[in-house]
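A.B. asks: Sequence unavailable; structure follows:
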Ligand SMILES: Nc1ncnc2c1ncn2[C@@H]1O[C@H](COP(=O)(O)OP(=O)(O)OP(=O)(O)O)[C@@H](O)[C@H]1O
Ligand SMILES: [Mg+2]
């Protein structure tokens, strides 16, 4: 049976898991955003070979489960001598995964800027990097924020995959409580509420930004 | 026409220029040259290649064949690097293409700051002067979204002038502007011409052409079919196609 008391009694334990979830999300998101911007730009302007390589990476990630990447980094990389502790392994795999989605966010944003903008920049004598830096990217900023916020909310949820490498995130802590109290329902609902508290404001923010951009 | 000798003293020599998009040849061998301070008006029916020709001059569209000599230097030879060429040639677009994330002042100052590495203070002081020149001092801190089409286009002109170009290209600068605001932009262009700016203007504004142009070039289907003083071309066109086009423009 569902019991509030189980949630409240174990709240500090659950919140510790939520903290892990949140810090993992933030760290992964920062790396994913920087890498995604880079991959997106390389994909658009890196020339044929780089374009093809980055396209392959993007499609490969988008076409496979994120969980596979998490398991691969944690269990398979040690075989070739790369031993990463849990948190870095989790952050790396999630960043590699989300960078692919975020690269597409940046690509869509850059492509949505009218061609006349870069032509105007070029007509002043700017090179491609200058046009990107001073004319195109600043204009994409407002357009990428809503989809980036959506990716952030999705990432909060996807961090739960790290329970598979026994990392004690919010979901994993809830399962521990369930095993200890012989009541799995209550801590899971508690975890669900905490996930919602984290994702809802982000999604709301994204929605209000979207309205402003329009 | 464009051997080394005749190119002397010319600002721009375009020699047998061709431009194709895929298998579609849009410019089919165009030659003309321009003296310093000359004002050239380019006319012709829609799709005749006016925009493409103008965009080939500053390599926004790289020509498929032919030679462009600017200020005594052959462009493709590598003596003129393309970015330097574009610094020396200002361009004004039909759709303004002002930078929407920047104020009028920042729009005008950006080129000098980024390309010429002018100190920001200095660039903004000059941008302020240029905005005054196009009658927009009071709009310096406004973003394009808060401005009329006529105002945006004048910002675009000031932005191009900030690079101190030797030649200004205007591609239908008034076609996207409300009729009652067109004169704002034309006035600025007339003043620019009076100050001795060399310019190529694609326009169907007959009044402007008559007042300002030293020469009118008439294009059709990727070729120059007629060229002469405004009086010659407008009053005594030699080509049937020129005549029929002019009658349409005058009726419009
Ligand atoms: N980037 C492009 N790709 C393919 N075709 C193009 C491109 N740009 C122009 N064209 C074609 O080249 C031809 C000439 O176009 P251009 O814009 O130079 O004509 P224009 O004289 O400026 O016409 P308008 O008065 O309508 O502006 C048209 O048939 C047009 O469809
Ligand atoms: Mg045109």
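C.D. replies: Received the coordinates, thanks. Worth saying up front: this structure is predicted, and the values here are computed from it rather than measured. Ligands and ions are numbered 1, 2, ... in the order given.

A.B. asks: tell me, how many neighbours does residue A:68 end up with?
C.D. replies: By the criterion of other Cβ atoms under 10 Å in any protein chain shown, residue A:68 has 14 neighbours. C-betas here are computed from N, CA, C, even on glycine.

A.B. asks: quick one: residue A:152 is in a helix?
C.D. replies: Yes: secondary structure of residue A:152 (DSSP: H, G, I helix; E, B strand; the rest coil): part of a helix.

A.B. asks: Quick one: residues contacting it.
C.D. replies: By Cβ atoms under 8 Å, 6 or more residues apart in numbering or on different chains, residue A:152 lies in contact with A:25, A:29, A:202.

A.B. asks: what's near enough to touch the first one?
C.D. replies: In this case it means residue A:25. Applying Cβ under 8 Å, 6+ apart, the residues near residue A:25 are A:152, A:155-156, A:159.

A.B. asks: for chain A, what's the longest helix?
C.D. replies: helix A:11-45 (DSSP state H).

A.B. asks: That helix: what's the following helix or strand?
C.D. replies: For helix A:11-45, the succeeding helix or strand toward the C-terminus, using DSSP states H and E, is helix A:47-62.

A.B. asks: helices and strands around the very next helix or strand once past that next one, which ones?
C.D. replies: Per DSSP H and E, the first helix or strand lying C-terminal to helix A:47-62 is helix A:66-71. When contacts are defined as 3 or more Cβ pairs under 8 Å, 6 or more residues apart in numbering or on different chains; DSSP states H and E, helix A:66-71 packs onto helix A:86-112.

A.B. asks: Centre of the chain to the helix it packs on, how far?
C.D. replies: With Cα atoms, centre = their mean, to the nearest Å as the basis, helix A:86-112 stands 6 Å off its chain's centre.

A.B. asks: That one relative to helix A:11-45, how many degrees between them?
C.D. replies: Calculated by axes from the mean of the first three to the mean of the last three Cα atoms, to 10 degrees, helix A:86-112 forms an angle of 40 degrees with helix A:11-45.

A.B. asks: Which other helices and strands does helix A:86-112 contact?
C.D. replies: Judged by 3+ Cβ pairs under 8 Å, 6+ apart, helix A:86-112 is in contact with helix A:11-45, helix A:47-62, helix A:66-71, helix A:137-158.

A.B. asks: Tell me which other helices or strands the next helix or strand after it touches.
C.D. replies: Where DSSP H and E defines the elements, the next helix or strand beyond helix A:86-112 is helix A:115-123. Here helix A:115-123 touches helix A:128-131, strand B:89-92, helix B:149-161, going by 3+ Cβ pairs under 8 Å, 6+ apart.

A.B. asks: and of the ones you listed, who's closest to ligand 1?
C.D. replies: The closest of the helices and strands packed on helix A:115-123 to ligand 1 is strand B:89-92. By Cβ to the nearest ligand atom, the value is 13.8 Å.

A.B. asks: strand partners of the closest one, parallel vs antiparallel please.
C.D. replies: Applying DSSP bridges, strand B:89-92 is found paired with strand B:167-171 (parallel).

A.B. asks: So what touches the helix or strand following the strand it pairs with?
C.D. replies: Later in the chain than strand B:167-171, the nearest helix or strand by DSSP H and E is helix B:182-194. Helix B:182-194 has contacts (Cβ under 8 Å, 6+ apart) with B:39, B:133-135, B:150-151, B:153-154, B:157, B:161, B:168, B:170, B:173-174, B:177, B:199, B:201, B:205, B:207-208, B:211-212.

A.B. asks: List the buried residues in helix B:182-194.
C.D. replies: Neighbour counts over helix B:182-194 (16 or more other Cβ atoms under 10 Å in any protein chain shown) mark B:182-186, B:188-190, B:192-193 as buried.

A.B. asks: Count the residues that sit near the closest residue to ligand 1 within chain A.
C.D. replies: Closest approach of chain A to ligand 1 (Cβ to the nearest ligand atom) occurs at residue A:115, with a separation of 9.2 Å. When counting by other Cβ under 10 Å, one arrives at 10 neighbours for residue A:115.

A.B. asks: What does the pLDDT read for it?
C.D. replies: Looking at residue A:115, its pLDDT is 96.

A.B. asks: and if you look at residue B:77?
C.D. replies: For residue B:77, the predicted pLDDT is 65.

A.B. asks: where in the chain is pLDDT low?
C.D. replies: In the absence of a named chain, this looks at chain A. A:214 (pLDDT under 70).

A.B. asks: Switch to chain B, please.
C.D. replies: B:1-8, B:77-79, B:251-252.

A.B. asks: Give me the residue at the spatial middle of it.
C.D. replies: Centroid check for chain B by Cα atoms, centre = their mean gives residue B:169 as the closest residue, at 1.3 Å.

A.B. asks: in chain B, which spans are strands?
C.D. replies: B:10-21, B:24-35, B:39-43, B:65-70, B:73-74, B:89-92, B:167-171, B:198-202, B:215-220, B:223-228 (DSSP state E).

A.B. asks: Quick check: can you name the pairing partners of the third one and their directions?
C.D. replies: Sheet partners assigned to strand B:39-43 using DSSP bridges are listed as strand B:198-202 (parallel), strand B:215-220 (parallel).

A.B. asks: near chain A at all, stretch B:102-122?
C.D. replies: Yes: counting by Cβ under 8 Å from any Cβ of the partner chain, chain A has neighbours in stretch B:102-122: B:110-111, B:114-115.

A.B. asks: most surrounded residue in the residues you listed?
C.D. replies: residue B:111 leads the residues of stretch B:102-122 next to chain A on contacts (other Cβ under 10 Å) with 30 neighbours.

A.B. asks: for residue A:121, what are its contacts?
C.D. replies: A:130-131, A:134-136.

A.B. asks: next one: residue A:15
C.D. replies: Contacts of residue A:15 (Cβ under 8 Å, 6+ apart): residue A:194.

A.B. asks: Show me which residues of chain B are close to ligand 1?
C.D. replies: B:21, B:24, B:26, B:44, B:46-52 (Cβ under 6 Å from any ligand atom).

A.B. asks: Spell out which residues of chain B are next to chain A.
C.D. replies: Residues of chain B lying near chain A by Cβ under 8 Å from any Cβ: B:58, B:60, B:83-84, B:86-87, B:89-91, B:93, B:95, B:97-101, B:110-111, B:114-115, B:156, B:159-160, B:163.
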